[in-house]
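Participant: Provided below for reference: sequence and predicted model.
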Amino acid sequence: MRILGIIPARYASTRFPAKALVDIGGKSMIQRVYEQSSKTKHLDQVIVATDDERIMHHVLGFGGKAVMTSQDHHSGTDRCFEALTKTEGTYEYVINIQGDEPFISPEPIDHLAAVLDGETKLATLVKVIDNAEILFSPNVPKAILNSKNEVMYFSRQTIPYLRNLEKADWLKSHTFYKHIGIYAYRADVLAEITKLSVSSLEKAEALEQLRWLENGYAIKAVITSDDSHGVDTPDDLDRVTKKFLQ
């Protein structure tokens, strides 16, 4: 089973322009993501999919692989599909690795890759929530799983709602899952979902993956103990730098 790891990297960002190239302890963010992702055991190749020549030249400069993609893509999924079509070789699966997690561990990527058996169409990571602030934050998508460890729904709201229980007791009474935004797509399914129109649930929650659920695609959930440490703002960068480099 050949698996291609793709790191989408845009230059423009509303809250943090050019963050892919920001220096973090002597290496750019995108170089750190690339090097961490390349430590995985299951990926046959890792490439950066970018819309900007500055990022392209930078990746090639540190010895990485990159492809240029359109500036018109609305999601990393769309960018991954174009990058797949421009990459030599045949791959059964693509794993979409977030380009703003400079200290991503290779282990959860391998855990996700391990379930890609040819039958699995889509897969993603989830983590048990153990913090009330995360549980009730609308900025942290949550996931509900069925008995097959497939995602039934994603929401920014805390789900399920525990009726007749004080919110202070929710974490003691139920297992809640945080969504970790790394996706695996079977190559033919990736081609299909990029043709889907934006769905009503996706619009309501601003969560792209709801489009797939609303169109009947099963998404396998892989439970990980590793957390995500994404960088959306300069404040986030200060936080992760202090956590991992100091």
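Facilitator: Looks like it came in fine.

Participant: What are the buried residues along stretch 12-22?
Facilitator: Under the neighbour-count criterion of 16 or more other Cβ atoms under 10 Å, stretch 12-22 has 16, 19-22 buried. Every C-beta, even on glycine, is put in place using the N, C-alpha and C of the backbone.

Participant: got it, and stretch 225-233?
Facilitator: Residues of stretch 225-233 classed as buried under the neighbour-count rule (16+ other Cβ under 10 Å) are 228-231.

Participant: Mind checking the pLDDT average for the longest strand along the chain?
Facilitator: Among the elements of the chain assigned as strand by DSSP state E, the one spanning the most residues is strand 177-186. Strand 177-186 shows a mean pLDDT of 96 in the predicted model.

Participant: which intervals of the chain have sub-threshold pLDDT?
Facilitator: Low-confidence segments of the chain, defined by pLDDT under 70: 246.

Participant: so what does the top helix by length along it touch, helix or strand wise?
Facilitator: In the chain, assigned by DSSP state H, the helix with the most residues is helix 234-245. If contacts are counted by 3 or more Cβ pairs under 8 Å, 6 or more residues apart in numbering; DSSP states H and E, helix 234-245 sits against strand 23-24.

Participant: circling back: now the buried residues of stretch 225-233 in CSV, with secondary structure?
Facilitator: Putting these into CSV (DSSP: H, G, I helix; E, B strand; the rest coil) gives the following:
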residue, secondary structure
S228, coil
H229, coil
G230, coil
V231, coil
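
Participant: Pick the one among those closest to R186.
Facilitator: Taking Cβ to Cβ as the measure, R186 lies nearest S228 of the buried residues of stretch 225-233, at 23.1 Å.

Participant: Off-centre distance for stretch 120-130?
Facilitator: The chain centroid and the centroid of stretch 120-130 are separated by 10 Å, computed with Cα atoms, centre = their mean, to the nearest Å.

Participant: nope, stretch 27-47 is what I was after
Facilitator: Chain-centre distance of stretch 27-47: 14 Å, with Cα atoms, centre = their mean.

Participant: What are the boundaries of the strands in this structure?
Facilitator: 3-9, 23-24, 27-28, 45-50, 66-68, 93-96, 122-128, 142-145, 151-155, 177-186, 219-223.

Participant: Could you provide those in CSV, with additional columns for distance to D236 and mean neighbour count?
Facilitator: As requested, the strands of the chain are exported to CSV (distance: least, Cβ to Cβ, whole Å; neighbours: other Cβ atoms under 10 Å):
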stretch, distance to D236, mean neighbour count
strand 3-9, 16, 26
strand 23-24, 11, 14
strand 27-28, 16, 18
strand 45-50, 20, 24
strand 66-68, 24, 18
strand 93-96, 20, 26
strand 122-128, 18, 21
strand 142-145, 20, 19
strand 151-155, 22, 20
strand 177-186, 14, 23
strand 219-223, 25, 20
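
Participant: which one of these lies closest to D78?
Facilitator: Comparison of the strands of the chain against D78 by Cβ to Cβ identifies strand 3-9 as nearest, at 8.9 Å.

Participant: so how far is the closest one from its chain's centroid?
Facilitator: The gap between the average C-alpha position of strand 3-9 and the chain average comes to 10 Å, counting by Cα atoms, centre = their mean.

Participant: what packs against that strand?
Facilitator: Using 3+ Cβ pairs under 8 Å, 6+ apart as the contact test, the elements touching strand 3-9 are helix 29-37, strand 45-50, helix 76-85, strand 93-96.
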